[in-house]
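1. dropping a prediction and its sequence here:
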Amino acid sequence: MRLPRFLVLGAALTALSVSAACGGESLEESPQADPDSSPSGDNGSKSEEGDGGSDDKGELVLSGQSFTEMQVMAAMYELALEDAGYDVTPKLVETRDVYLAQMSDGAVDVVPEYVAGIADYLNTEQNGPDAEPITSNDPQESLQALEPLAEKAGITMLEPSEATDQNAFFVTEDFAAENDLTTLSDLAALGDPIKLAAAPDCVGRDDCEKGLEQVYGLDISEVVPLGFATAQTKDAVIEGEVELGQTGTTDGTLAAQGLVLLEDDKGIQPAQNLIPAVNSEFLNANPDVADTLNEVSATLTTEDLAKMNAQVDVNREKPEDVAQAYLEEKGLL
């Protein structure tokens with residue numbers, strides 16, 4: 001069993017909202033994505049090396065975004081796929097638009113994704129920036145809306161996991177206790193103006209400022225653009241400069257800082273279940289990839305993701321070590 005040749009990152013890590021998709025470099029421009037070291041788009045030829053009963057099933061290019069959670073997920077995919085006989089080349093990048101274009105072209109074979117994240121991206125790519133949202137808080141409903149868009153892009157979605165990483169909002173434990181808060185509705189019921197530290201694109205989003213105001217009735221007096229799940233956002237909440245901060249549901253650092261999530265009790269967050277996405281032509285030539293990745297998905301919970309993220313972000317463990325320990329614990333290696 002091999003440790004992964006992992007995390008060749010050419011760009012600085014950025015705190016990204018899982019549902020956001022911003023502009024970025026192409027894989028050809030990224031050091032970790034040198035096309036000369038990549039297999040060609042001829043996916044059928046990759047599987048020929050695995051013919052004749054050999055354990056070597058050929059090359060596979062794995063991509064995804066380069067923040068902590070995706071580093072862990074990519075490491076899990078890499079280890080599981082290498083254990084299944086594939087020679088995996090990981091090439092993580094900053095943004096979704098980078099690898100999805102290459103995936104449709106056949107230069108990327110597998111990525112870990114989020115149901116609503118990829119669905120909303122493909123929806124605007126194929127139907128225009130003003131396309132009506134197609135996702136909801138319901139995972140199966142969102143997946144059903146995603147599948148024809150993915151098919152058109154030459155991508156097959158495998159089985160979603162129970163684990164989900166949605167946008168979420170937090171306050172200090174002291175503030176929550178003083179005001180008896182457990183949900184966003186509780187916060188809205190206070191009737192006070194609220195300053196929100198969040199990603200710059202929070203303004204006008206249904207799952208952020210717009211949804212908090214229109215669905216919950218919160219009075220968002222200001223969105224302070226300190227970033228998604230950043231130390232600056234958390235410090236602003238801790239210091240009382242803002243009342244509310246934006247992060248993700250699998251943020252494993254909150255409890256240690258005296259912070260607590262408020263429940264999205266009205267469901268403004270779309271379903272962001274972790275899901276493997278595979279180039280359709282590659283999958284047709286290598287159908288066993290689905291079994292391998294679906295086994296990983298079947299074990300994952302939101303609590304698992306939060307724990308693994310904390311091991312990396314708080315305990316400073318390596319993503320590949322965390323991934324290997326998890327897969328061994330679940331009997332997948």
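-> Noted; the coordinates are in hand.
2. report pLDDT for Ala229.
-> pLDDT recorded at Ala229 is 88.
3. so what's it closest to, chain neighbours aside?
-> Nearest residue to Ala229, sequence neighbours excluded (Cβ to Cβ, 6 or more residues apart in numbering): Thr247, at 4.1 Å. Bear in mind the C-beta positions are built from the backbone N, C-alpha and C, glycine included.
4. now the one you found, which residues is it bridged with?
-> As for beta bridges, Thr247 partners with Ala168 under DSSP bridges.
5. helices of this structure, start to end?
-> All helices of the chain, identified by DSSP state H, fall at 43-48, 68-83, 96-105, 115-127, 139-152, 173-179, 184-189, 209-214, 231-238, 280-285, 288-299, 302-313, 319-329.
6. what about Val289, neighbour count?
-> Look at Val289: counted by other Cβ atoms under 10 Å, it has 26 neighbours.
7. surely it meets Leu81?
-> Yes: if you go by Cβ atoms under 8 Å, Val289 and Leu81 touch, sitting 7.0 Å apart.
8. joint contacts of the two?
-> Shared contacts of Val289 and Leu81 (Cβ atoms under 8 Å, 6 or more residues apart in numbering): Leu60, Val110.
9. TSV for the helices of the chain, including distance to Pro133?
-> Below are those laid out as TSV (distance: least, Cβ to Cβ, whole Å):
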stretch	distance to Pro133
helix 43-48	32
helix 68-83	23
helix 96-105	16
helix 115-127	6
helix 139-152	9
helix 173-179	30
helix 184-189	19
helix 209-214	11
helix 231-238	25
helix 280-285	25
helix 288-299	24
helix 302-313	23
helix 319-329	32
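10. and the pLDDT for the residue nearest to Ala229?
-> For Thr247, pLDDT reads 95.
11. where does this protein dip in pLDDT?
-> Scanning the chain for pLDDT under 70 picks out the ranges 1-55.
12. using the record's assignment, carve it into domains.
-> With domains defined by automatic domain parsing, the chain comprises 31-164+271-329, 167-262.
13. how close does Ala163 get to Asn273?
-> 7 Å (Cβ to Cβ, to the nearest Å).
14. give me the common contacts of those two.
-> Counting by Cβ under 8 Å, 6+ apart, nothing touches both Ala163 and Asn273.
15. look up the closest residue to Leu81, ignoring the ones flanking it.
-> In space, Leu81 is closest to Val88, 5.1 Å off (Cβ to Cβ, 6+ apart).
16. so the one you found is in contact with Ala80, correct?
-> No: at 9.4 Å, Val88 and Ala80 do not qualify as touching, with contact defined as Cβ under 8 Å.
17. among the helices of the chain, which is the most enclosed?
-> Across these, averaging neighbours per residue (mean count of other Cβ atoms under 10 Å) puts helix 68-83 on top, at a mean of 24.
18. what residues does that one touch?
-> With contact meaning Cβ under 8 Å, 6+ apart, helix 68-83 is reached by 1-4, 6-7, 13, 60, 62-64, 88, 90, 92, 110, 112, 165, 248, 250, 274, 276, 289, 292-293, 295-296, 305, 308-309, 312-313, 319-320, 322-324, 326-327, 332-333.
19. picking that back up, Gly258 is nearest to which of the helices of the chain?
-> Ranking the helices of the chain by distance to Gly258, with Cβ to Cβ as the measure, places helix 173-179 first at 5.0 Å.
20. summarise which helices and strands that closest one is packed against.
-> strand 259-262 (3 or more Cβ pairs under 8 Å, 6 or more residues apart in numbering; DSSP states H and E).
21. neighbouring contacts of the strand it packs on?
-> Outside strand 259-262, the residues that touch it by Cβ under 8 Å, 6+ apart are 168-173, 176, 181-184, 186-187, 234, 237-238, 245, 247, 249, 251, 254.
22. what does stretch 122-129 contact?
-> Under Cβ under 8 Å, 6+ apart, the answer for stretch 122-129 is Leu100, Ala131, Pro133, Ile134, Ala145, Leu146, Leu149, Ala150, Lys152, Ala153.
23. returning to what we had before: tell me how far the residue nearest to Ala229 lies from Thr68.
-> 12 Å.
24. neighbours of Asn279, how many?
-> Neighbours of Asn279 (other Cβ under 10 Å): 28.
25. what sits against it?
-> Residues near Asn279 by Cβ under 8 Å, 6+ apart: Asn43, Met103, Ser104, Gly106, Val108, Asp109, Val110, Gly154, Ile155, Thr156.
26. dihedrals phi and psi, the residue nearest to it when sequence neighbours are not counted?
-> Using Cβ to Cβ, 6+ apart and skipping the chain neighbours, the partner closest in space to Asn279 is Asp109 (5.0 Å). Torsion angles at Asp109 (phi, psi; degrees, to the nearest 10) stand at phi -100, psi -40.
27. for Ser136, give me its contacts.
-> Taking Cβ under 8 Å, 6+ apart, one finds Ser142, Gly267, Pro270, Ala271 in contact with Ser136.
28. surely the second one and Pro139 touch.
-> In other words, Gly267. No: with contact defined as Cβ under 8 Å, Gly267 does not count as touching Pro139 (11.8 Å).
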